[in-house]
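Visitor: Okay, structure incoming, though there's no sequence with it:
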């Protein structure tokens, strides 16, 4: 580790999640610049220990079991809850970040434990010590779960996504507040692990930003799995007997009573309440005022430079800049940011595609690992029309040779959104079991702006589920 | 069905596999033209009943069982051989093609049963009757398994791919002659279903056209599964006690003794011998001489018009034209061919990308459904160098968050072949469990000639196995 006793580094990153790690690594790659990451929890961040990784570790066994059960010749039993939780623990390295620290040291990045706070231009304060960045400070603190203002909710010590992903006790009955990705994925694994689940959804649909057919398919699949989804319904008040801070992922006390309002007015008894109702920027302790910024998301330009801060020294990557709250997009921004910092440090001009984050606006891919999975990239039809494009769409069931072989009674659906003026794809959505790996083809088509006339010659291999591409293009033609 | 008692059709297709079906359908789509398909066996062809579909129906349960076993929390037993064979039977519709016939009738395509033979310009003879094509005759008879000239082999009534895919009895010990796709896939499912398997491979490697690392991984996986692979070894002579034509997929008599020559000189006792040693054009009964062509593959141009036959009335699609012996490429050619026939019939010029088959030379995708699967598109490094491109490559293990979540001890590897002058991909190969659906992204990148600088902005969703794209591009950069 190339630490500097002087407290000077070329690059200082506050927040050691995937975005922060990548920004640091790219900013110093191939140079003798120095970098430090300031992290107050675990190096690797939310994604590695409390979000993507544990949630997928909990979801994948259920998906695979369903696939095995839908295939003749296999006798599959499960799930063994203890084995799944132990698997999840291995995937999050039992919350030991020494592997990540090894990576950082190997990459010549100093790891400084503590709360990082801006203390002025190029200055970062950590635990009473002031560090100075010669070239850049990168903010990568991400976001935190928001607990809505509902009487009694905070006092009930509700689970957030961190408890749900790191659960050690499976609640007999869980009430989930929210209808977005975290809510839907949590409902999926909780139901798979044996919980009775009730979802309180403020709006009329789950996954509000997805194509309508995707929302509906996830909703009916959850209902089929026994999840009770109450739309247009919110908690009005929450009470809990003997709330107790029993630790992450353990039931936080006695029975919870949730009174609801909206379309369903009920009093629901549950063992735990899970809040998955949005996130806010993790900037409260970040000292934004010291550099003249208001508290809240840090606005950036396409070079990830903080707007409104002169001197090109302050950057923000990941969801703290209000970009897509997705690890891969945070890492994407971090790669661009690191390249920008390197170029500026070396006095090189920012010319070339690599110095501008262009794919984080209208070309964002995402896989929601519900059952069925929802894989989407770019604009939905609604978003494309709103943005003023000339739009045509194709939406069809996934019923090709490959899907008939994947499992019995395969059910899936796909949609493409076409810019008719440019003859290119603006977006695509695939819904189906284990459909996530189909997405990258669409991402390349969207980002590469590959004309549909050319896609006609990109032949899907037979018999794969990817043959849905042929059907989509055929339907578009006719 | 729009049959014509006169025996005149606008388009006559000989051979009703997927390529023939698509050529007929595209040639008449949106018009009032008439078409007939002449088929001597089952409509749907080799792929539907004796190749792709039954083989994948036999392979998928084994792949899924392995995936389930590699996932904590699932207790999976299997395979139940009878259940798998029954599943295969359902996938091949118990060799009942009435569903395909319904499709043809619904598509206004007449189905004529019998052996079709060219009888002169635009003339096709079937069962003593002569049909006349007003616009086009399309040859789509495909290829047939070749039985090598080995003393005793033909008399031993060996299994071909048709018996192996439609097996009703699992041989205790099977000797497979060959090392290509059919041989490797057959070895995989036979071993999974309980056969002891010995492969006799003439060359030094399996899957001779694949990247070296793919060949090696398939070979070691087969060895691990208990398959004995004898390289540089061929059958010298074969004898069988009481050979009997017991029907497709049943053991064809008593014990088989195979004497080998080459690197391994042995006498091997087996219950069945499977010949998977290449294919030849199914043109013997096709009457090529009547239109001035020599017997053998029918050469075509990019419009799928038979070279050396004047008048633009004769076409050939699928592997009978010596194109890639892959259903999806046959269908691709058929779509182009059908569009060409339609345009010519309507007096429209053949301008535009849709009238030339360009992707069947250097941009061919293929998935080999061995365990691990091999998914490749375009040129291997060797082929690219041979073709004179400026080549750079990246080859790395697949070790990303998505693969660690897919199963415990995931093992995979990927390679890209880059045209350094154009900064585009010429080819890509992925090897890993259930990796097939990753291929289409590479196919779009190769066919779309998407610059690597642009691929940098095509962000793979986290945590999917597709994140290997990021690693490949990162490795290329550094």
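Guide: Perfect, thanks for sending it. The model shown is predicted, which means the values in this text are computed figures rather than measured ones. Numbers count the residues shown, from 1 in each chain, chains lettered A, B, ... in the order given.
Visitor: Ignoring the adjacent residues along the chain, who's closest to residue A:451?
Guide: Spatial nearest neighbour of residue A:451, excluding adjacent residues (Cβ to Cβ, 6 or more residues apart in numbering or on different chains): residue A:423 at 4.9 Å. For every residue, glycine as well, the C-beta is placed using N, CA and C.
Visitor: List the residues that contact the one you found.
Guide: Residue A:423 sits next to A:451, A:452, A:453 when contact means Cβ atoms under 8 Å, 6 or more residues apart in numbering or on different chains.
Visitor: Equivalent analysis for residue A:205, please.
Guide: For residue A:205, the contacting residues are A:179, A:212, A:215, A:216, A:219, A:231, by Cβ under 8 Å, 6+ apart.
Visitor: Let me see the confidence value for residue A:78.
Guide: Here the pLDDT value assigned to residue A:78 is 82.
Visitor: That one and residue A:63, how far apart?
Guide: 12 Å (Cβ to Cβ, to the nearest Å).
Visitor: What of residue A:215?
Guide: For residue A:215, the distance to residue A:63 - Cβ to Cβ - is 20 Å.
Visitor: Give me the subset of the contacts of residue A:423 lying in helices.
Guide: Among the contacts of residue A:423, the members found in helices (DSSP state H) are A:452, A:453.
Visitor: Kindly indicate the member of the contacts of residue A:423 with the most neighbours.
Guide: Counting neighbours by other Cβ atoms under 10 Å in any protein chain shown, residue A:452 comes out on top of the contacts of residue A:423 with 19 neighbours.
Visitor: Please verify my assumption that it contacts residue A:426.
Guide: No: taking contacts as Cβ atoms under 8 Å, residue A:452 lies outside contact range of residue A:426: 11.4 Å.
Visitor: which neighbours do the two share?
Guide: What both residue A:452 and residue A:426 touch, as defined by Cβ under 8 Å, 6+ apart, is the set residue A:418.
Visitor: can you give me the strands for the stretch 151-300 of chain A?
Guide: Here the stretch 151-300 of chain A has its strands, by DSSP state E, counting those that start in this stretch, at A:173-177, A:196-201, A:228-231, A:233-240, A:256-262, A:267-270, A:272-275, A:279-281.
Visitor: Now do residue A:320 against residue A:13, distance only.
Guide: For residue A:320, the distance to residue A:13 (Cβ to Cβ) stands at 12 Å.
Visitor: just residue A:224 next, same as before
Guide: Residue A:224 is 44 Å from residue A:13, by Cβ to Cβ.
Visitor: between the two, who's got more neighbours?
Guide: Each of residue A:224 and residue A:13 has its neighbours counted (other Cβ under 10 Å); residue A:13 has more, 36 against 10.
Visitor: surely the more buried one meets residue A:20?
Guide: Yes: Residue A:13 sits in contact with residue A:20 when judged by Cβ under 8 Å, with a separation of 4.5 Å.
Visitor: joint contacts of the two?
Guide: Shared contacts of residue A:13 and residue A:20 (Cβ under 8 Å, 6+ apart): A:37, A:138, A:140.
Visitor: Would you enumerate the residues in contact with the last one?
Guide: Yep, that's residue A:140 we're talking about. Shown in contact with residue A:140 (Cβ under 8 Å, 6+ apart): A:13-17, A:19-20, A:23, A:316-318, A:320, A:330, A:334.
Visitor: Ramachandran angles for it?
Guide: For residue A:140, the backbone dihedrals (degrees, to the nearest 10) come out as phi -150, psi 50.
Visitor: Return the residues of the stretch 201-350 of chain A in contact with chain B.
Guide: Neighbours of chain B within the stretch 201-350 of chain A, by Cβ under 8 Å from any Cβ of the partner chain: A:326, A:327, A:328, A:329, A:331, A:332.
Visitor: Hmm, the second one is touching residue A:22, no?
Guide: No: Residue A:327 is beyond contact range of residue A:22, at 10.1 Å (criterion: Cβ under 8 Å).
Visitor: quick one on the thing from earlier: using CSV, please lay out the strands of the stretch 151-300 of chain A together with mean neighbour count and mean pLDDT.
Guide: CSV is the format used below for these (neighbours: other Cβ atoms under 10 Å in any protein chain shown; pLDDT from 0 to 100):
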stretch, mean neighbour count, mean pLDDT
strand A:173-177, 26, 98
strand A:196-201, 24, 98
strand A:228-231, 18, 98
strand A:233-240, 20, 98
strand A:256-262, 19, 98
strand A:267-270, 16, 98
strand A:272-275, 28, 98
strand A:279-281, 18, 95
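Visitor: can you list these in TSV and add distance to residue A:154?
Guide: As requested, these are exported to TSV (distance: least, Cβ to Cβ, whole Å):
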stretch	distance to residue A:154
strand A:173-177	12
strand A:196-201	16
strand A:228-231	22
strand A:233-240	9
strand A:256-262	13
strand A:267-270	17
strand A:272-275	9
strand A:279-281	15
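Visitor: Out of those, flag the one nearest residue A:53.
Guide: Across these, residue A:53 has its closest neighbour in strand A:279-281 (17.5 Å, Cβ to Cβ).
Visitor: Give me the contacts around that closest one.
Guide: By Cβ under 8 Å, 6+ apart, strand A:279-281 touches A:141-146, A:296-298, A:319-320, A:322, A:325.
Visitor: Could you let me know which of those residues ends up closest to chain B?
Guide: Closest approach between the contacts of strand A:279-281 and chain B, by Cβ to the nearest Cβ: residue A:325, at 11.7 Å.
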